[in-house]
Each structure stands twice: as C-alpha cells, then as structure tokens.
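J.: The sequence isn't on hand, but the structure is:
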C-alpha cells in the first residue's frame, strides 16, 4: 500500500525522555509524533507525520486542500470497489 502524507493538526506539545513530542489530530484520530525536526512548530499548526515523526509544516489552506483531495479519492475508491463487486 502506498503511504500518503495526511495532514493533521498539532493539539499538544510536550517533552518525553528529552525529546520534543506532540499530539496530532487527524480528523478525530489522535496520534503521538516526535517533533524534534520542527522546532518552529506551534499549537494548531498543520503537519505531515511519517513513521511517528512530524516532518513538515503546512498552512491551514494547504492542509484543507490535501484533505479535500484525499476525501475525493476515498469516494472514488469506494465507488470503484462497488463496481468490482458487481462484475
């Protein structure tokens, strides 16, 4: 399966074992991530997380556009799946 960078919103910043960490909200699913690579990150910023590491920040507009596209893709995947079952 292809790994897509899904944007999430930083809802908490904290330290754990000497590392800068955060909690990220992906449309209601909360995940923990290491944020050492993004010292400029602030609460309510949007980030892309890969393998437990927050790797980049993006604007709210970029995050919304990406989430809209991913939402449309899942609708297309769902419809394609239903067509496969019919044939």
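T.: Looks like it came in fine. As the structure is a prediction and not an experimental result, all values here were calculated from the model.

J.: Spit out the contact partners of residue 38.
T.: By C-beta atoms under 8 Å, 6 or more residues apart in numbering, the contact set of residue 38 is 47, 54, 55, 56, 57. Heads up, the C-betas are built off the backbone N, CA and C, glycines and all.

J.: now with 10 Å?
T.: Applying C-beta atoms under 10 Å, 6 or more residues apart in numbering to residue 38 gives the contacts 10, 20, 22, 45, 47, 53, 54, 55, 56, 57.

J.: backbone phi and psi for residue 36, please?
T.: Torsion angles at residue 36 (phi, psi; degrees, to the nearest 10) stand at phi -50, psi -40.

J.: Would you map the helices across this protein?
T.: 60-86 (DSSP state H).

J.: which regions of it lie under the pLDDT threshold?
T.: Within the chain, the stretches with pLDDT under 70 are 1-4, 87.

J.: circling back to that earlier point, list buried members of the contacts of residue 38 by neighbour count.
T.: Buried residues within those, counting neighbours by 16 or more other C-beta atoms under 10 Å: 10, 20, 22, 45, 47, 54, 57.

J.: Which of the residues you listed sits closest to residue 68?
T.: Closest to residue 68 out of the buried ones among the contacts of residue 38 is residue 47 (17.6 Å), distances taken as C-beta to C-beta.
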